[in-house]
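Peer 1: this is a predicted model, with the sequence first.
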Amino acid sequence: MDRAAMDKMLDDTSYLGQDHKIDFDVYTDVLHPEAVNKAIDGVLKPINEEFVRRNNTPVRFRRAETGDMDKVLTLVKGLASYEKLLDDVRATVQDYQQDGFAGEQQSRFHVFLMEDTSTSPPDAIGMFFLCFGYSSWEGRFLYLEDLYIEKSHRGQGAGKMAMYAGAAIAKSLDCGRFVWKALDWNTPALEFYERIGAKVGKGVLNLRMDRTAIPAFLATRPFGAQASSSTTTK
């Protein structure tokens with residue numbers, strides 16, 4: 001989604017109701033943890049209230065806490081299984097706890113749970129995973145790493161509300177882009193994203209090296225790892 005499309009969607013705040021306009025303040029230090037937390041908290045409350053009002057549903061959105069990371073990992077694996085990539089999931093609960101809850105430091109990601117509050121305790125039925133990146137063309141951007149809702153709770157508007165939340169956070173923190181990826185065979189997801197105004201990129205392929213490929217490539221360096229590691233800065 002480019003900046004113009006994001007602004008168009010977020011300028012129409014009717015989905016939030018008359019009493020719940022999001023405060024889109026732009027902070028001087030926009031990625032300071034306090035600013036990020038304020039932006040997120042300012043989005044979640046009206047999103048929850050409007051979702052309940054429109055859908056009469058027991059599903060609620062909340063920020064995940066460090067003790068929720070086992071639930072998050074289960075949902076991540078659910079998404080990976082749907083995408084036929086379950087064997088690629090190598091992150092652990094400990095990884096999530098270390099990287100997502102860094103105290104006063106900027107966390108490397110922000111994850112949100114969707115819970116069915118009709119059960120006790122509430123059942124985690126979905127999640128979305130956000131992190132910040134930087135574009136040499138447009139500056140910082142918000143990246144949606146994962147969005148997953150269990151099949152039993154799809155089609156009730158939770159996915160669209162999650163996208164509203166992400167776009168609102170992106171605009172509040174003056175991000176130039178709100179971006180994500182989708183598999184080319186996932187037609188329902190692609191159609192949903194196009195309906196909300198996202199543009200499907202053409203002509204660009206995603207390339208990556210995994211934990212095996214990285215050291216394998218480095219092993220081909222003509223100057224050798226030893227020479228590199230022995231270099232000192234004067």
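Peer 2: Sure thing, it's come through. Numbering: from 1, shown residues only.
Peer 1: going by C-alpha atoms from here, please, whenever you check contacts or count neighbours.
Peer 2: Will do.
Peer 1: C-terminal to the host helix or strand of residue 95, what's the next element?
Peer 2: Using DSSP states H and E, residue 95 falls within helix 93-100. Remark: after helix 93-100, the chain's next helix or strand is strand 110-116, criterion DSSP H and E.
Peer 1: need the strands for the chain, in chain order.
Peer 2: Assigned by DSSP state E, the chain shows strands spanning 59-63, 110-116, 123-135, 139-149, 177-180.
Peer 1: any chance of those strands in JSON lines, plus mean pLDDT?
Peer 2: As requested, those are exported to JSON lines (pLDDT from 0 to 100):
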{"stretch": "strand 59-63", "mean pLDDT": "95"}
{"stretch": "strand 110-116", "mean pLDDT": "96"}
{"stretch": "strand 123-135", "mean pLDDT": "95"}
{"stretch": "strand 139-149", "mean pLDDT": "96"}
{"stretch": "strand 177-180", "mean pLDDT": "96"}
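Peer 1: nearest to residue 162, out of the ones you listed?
Peer 2: Ranking these by proximity to residue 162 (Cα to Cα) places strand 123-135 first, at 7.1 Å.
Peer 1: can you list contacts of the closest one?
Peer 2: Contact partners of strand 123-135, identified using Cα atoms under 8 Å, 6 or more residues apart in numbering, comprise 71-72, 75, 108-117, 140-150, 153, 162, 166.
Peer 1: before we move on, the earlier item: what would the strands of the chain look like in JSON lines with mean neighbour count and distance to residue 35?
Peer 2: Conversion of the strands of the chain to JSON lines gives the following (neighbours: other Cα atoms under 10 Å; distance: least, Cα to Cα, whole Å):
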{"stretch": "strand 59-63", "mean neighbour count": "20", "distance to residue 35": "15"}
{"stretch": "strand 110-116", "mean neighbour count": "22", "distance to residue 35": "13"}
{"stretch": "strand 123-135", "mean neighbour count": "20", "distance to residue 35": "13"}
{"stretch": "strand 139-149", "mean neighbour count": "19", "distance to residue 35": "14"}
{"stretch": "strand 177-180", "mean neighbour count": "21", "distance to residue 35": "18"}
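Peer 1: for residue 199, which of these is the nearest?
Peer 2: Using Cα to Cα, the nearest of the strands of the chain to residue 199 is strand 177-180, at 9.6 Å.
Peer 1: show me what that closest one is packed up against.
Peer 2: Here strand 177-180 touches helix 3-11, strand 139-149, helix 158-172, going by 3 or more Cα pairs under 8 Å, 6 or more residues apart in numbering; DSSP states H and E.
Peer 1: take the ones you listed and write them to CSV, including distance to residue 195.
Peer 2: Conversion of the helices and strands packed on strand 177-180 to CSV gives the following (distance: least, Cα to Cα, whole Å):
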stretch, distance to residue 195
helix 3-11, 11
strand 139-149, 16
helix 158-172, 10
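Peer 1: which among the ones you listed is found nearest to residue 181?
Peer 2: strand 139-149 (7.6 Å).
Peer 1: tell me which strands the closest one pairs with, and in which orientation.
Peer 2: Here strand 139-149 is paired, per DSSP bridges, with strand 123-135 (antiparallel), strand 177-180 (parallel).
Peer 1: let me know which of these is the nearest to residue 189.
Peer 2: Nearest to residue 189, of all the strands paired with strand 139-149, is strand 177-180, at 11.5 Å by Cα to Cα.
Peer 1: give the burial count for residue 96, as a bare number.
Peer 2: The local packing of residue 96 (other Cα atoms under 10 Å) involves 20 other residues.
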